[in-house]
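Visitor: My questions are about this predicted structure, shown below with the sequence.
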Amino acid sequence: GLCDILFTPHRNELYADDFSVYVVPRNAEDDGEGKSRPDFFEGVATIVTKLFNIVQPNAAYFGQKDAMQCVVVEKLVKDLNFPIKIKIVPIVREADGLALSSRNAYLTETERERATVIYKSLLEGKFFWQNHFSKSKEPITNERLSAVIKTKLLSEDLVSEIEYITIGSKSTLARLDTIDDSGGIVTVAVKIGSVRLIDNILLAF
């Protein structure tokens with residue numbers, strides 16, 4: 001698409017040599033992406049705060065693929081009273097389901113073909129959850145649903161590491177011990193060969 005104005009400040013304009021004030025989101029490092037990338041979301045919260053103050057937008061758009069970033073930004077706007085509407089846009093996927101990412105370019109041709117197991121595992125988990133509630137109204141445990149996703153991921157030889165599988169609240173990503181028919185969100189970080197990829201899926205009917 002086209003854009004009317006592009007704001008591209010130099011790093012030195014945003015961070016002076018004596019820069020010392022940071023925005024630190026609490027609980028961002030408890031699980032999943034935050035735990036895997038310590039201090040990363042402190043940087044996210046700080047730069048987003050600076051950009052919001054400089055640009056003063058009416059609305060800001062963030063992609064669902066980085067679920068923790070979305071949670072941090074939404075809480076930032078709420079807690080610091082920014083008059084900004086945060087819009088979370090759906091994950092954009094290739095025709096075979098792989099989430100679009102600049103990191104996909106580092107995959108070999110074979111790895112690229114096999115990387116679709118990430119989305120397939122998320123779908124398998126979602127279908128398992130949906131089928132469970134078509135037969136029973138009892139909540140399903142986090143461990144049981146995670147095991148379904150993990151088994152599918154491990155069926156692919158090129159999955160070299162499962163960094164995390166989390167199932168949490170849609171609004172906060174806080175871990176859910178059990179998942180009822182109100183759903184949640186599943187987030188994963190997986191290495192295909194040496195390439196780290198993240199993805200997620202909402203548990204909803």
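Guide: It's in.
Visitor: Please make it C-alpha for all contacts and neighbour counts, starting now.
Guide: OK.
Visitor: pretty sure residue 162 is in a strand, no?
Guide: Yes. The assignment for residue 162 by DSSP: H, G, I helix; E, B strand; the rest coil puts it in a strand.
Visitor: contacting residues for the closest residue in space to it that isn't next to it in sequence?
Guide: Nearest non-adjacent residue to residue 162, counting by Cα to Cα, 6 or more residues apart in numbering: residue 190, 4.6 Å away. Residues near residue 190 by Cα atoms under 8 Å, 6 or more residues apart in numbering: 118, 159-164, 196-198.
Visitor: Could you rerun that using 7 Å?
Guide: 161-163, 196-198 (Cα atoms under 7 Å, 6 or more residues apart in numbering).
Visitor: secondary structure element for it?
Guide: strand 184-192 (DSSP states H and E).
Visitor: That strand pairs with which strands?
Guide: strand 159-168 (antiparallel), strand 195-203 (antiparallel) (DSSP bridges).
Visitor: among the ones you listed, which is nearest residue 109?
Guide: Among the strands paired with strand 184-192, strand 195-203 comes nearest to residue 109, with 12.7 Å by Cα to Cα.
Visitor: Same question for that closest one: list its buried residues.
Guide: Using 16 or more other Cα atoms under 10 Å as the burial criterion, the residues of strand 195-203 that qualify are 195-203.
Visitor: Tell me which two in those are the farthest apart.
Guide: 195 and 203 (26.1 Å).
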